[in-house]
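S.K.: just coords:
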């Protein structure tokens, strides 16, 4: 994620649950195909239990790299300044040759 503007605490910065990606990566290949969204949401909740979230407060131009399985969320922006960032995803292949992502996204 490339931050085009700075974000202060509670200013729309990104929150991560460090370490939860290892649990989700293990669960990723075993989730059912039907009702998957409910399963993913529950897996995220279970993986984050007991982990203190960390909010990053980037400067403009900072870049954050993180595993695709890392639970993350934007914080509530209580400031009057917008937080603008570009979110890029690159093609990733797991050990079994299955592709996860192959897109680049940016806000409109």
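M.R.: Right, received. Where do you want to start? Model, not experiment: these values are computed from the prediction. Numbers count the residues shown, from 1 in each chain.
S.K.: tell me which stretches of this structure form strands.
M.R.: Ranges of strands in the chain, per DSSP state E, are 2-3, 14-16, 54-55, 72-74, 85-86.
S.K.: name the helices or strands packed onto the third one?
M.R.: Going back to what we said before, that points to strand 54-55. In terms of contacts (3 or more C-beta pairs under 8 Å, 6 or more residues apart in numbering; DSSP states H and E), strand 54-55 is packed against strand 14-16. Using the backbone N, CA and C atoms, a C-beta is placed for each residue, glycine as well.
S.K.: the strand it packs on: which residues count as buried?
M.R.: 14, 16 (16 or more other C-beta atoms under 10 Å).
S.K.: do stretch 78-92 as well
M.R.: 83, 85.
S.K.: so for it, mean pLDDT?
M.R.: The pLDDT scores in stretch 78-92 average 81.
S.K.: ok, stretch 18-34 next?
M.R.: According to the model, stretch 18-34 has a mean pLDDT of 68.
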